[in-house]
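> sequence and predicted structure below; questions after.
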Amino acid sequence: MSKVKTKEKKSGYFREVINEAKRVEWPTGSKLFNMTITVIIVCGLFALIFWIMDLIINAILAGMGI
């Protein structure tokens with residue numbers, strides 16, 4: 001494969017990426033804020049669940065003398 005064809009493929013690829021990015025429906029600021037808050041809350045809930053599970057498992061293992 002020649003360097004010219006490789007260069008043409010790369011420029012064509014980036015041209016397509018730019019065209020696709022123009023068609024994307026970007027979220028508004030408030031929608032982005034709401035989605036960010038939702039992600040933070042869900043991550044916090046999962047962390048809390050895993051922490052509670054860890055406490056329970058440690059208590060069980062400590063009770064068994066392990």
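All right, it came through fine.

> now stretch 11-18: buried residues?
Neighbour counts over stretch 11-18 (16 or more other C-beta atoms under 10 Å) mark no residue as buried. Yep, even glycine has a C-beta here, placed from its N, CA and C like the rest.

> quick one: distance of the helix or strand harbouring residue 56 to the chain centre.
Residue 56 belongs to helix 29-63 when assigned by DSSP states H and E. In terms of C-alpha atoms, centre = their mean, to the nearest Å, the gap separating the centre of helix 29-63 from the centre of its chain is 16 Å.

> can you report how many residues lie near residue 61?
A count of nearby residues for residue 61, using other C-beta atoms under 10 Å, gives 10.

> what pLDDT does residue 6 get?
Note for residue 6: predicted pLDDT of 71.

> could you state which residue of the chain sits nearest its centroid?
residue 39 (9.5 Å; C-alpha atoms, centre = their mean).

> how much space between it and residue 49?
Separation of residue 39 from residue 49 (C-beta to C-beta, to the nearest Å): 16 Å.

> repeat that for residue 9.
Distance from residue 9 to residue 49, by C-beta to C-beta: 48 Å.

> repeat for residue 26
33 Å.

> the two: which is more packed in?
More neighbours surround residue 49 than the other of residue 26 and residue 49, with 10 against 7 (other C-beta under 10 Å).

> list the residues that contact that one.
Not one residue lies near residue 49 by C-beta atoms under 8 Å, 6 or more residues apart in numbering.

> can you classify residue 26 by secondary structure?
State at residue 26, reduced to three classes by DSSP: H, G, I helix; E, B strand; the rest coil: coil.

> many thanks, we can stop here.
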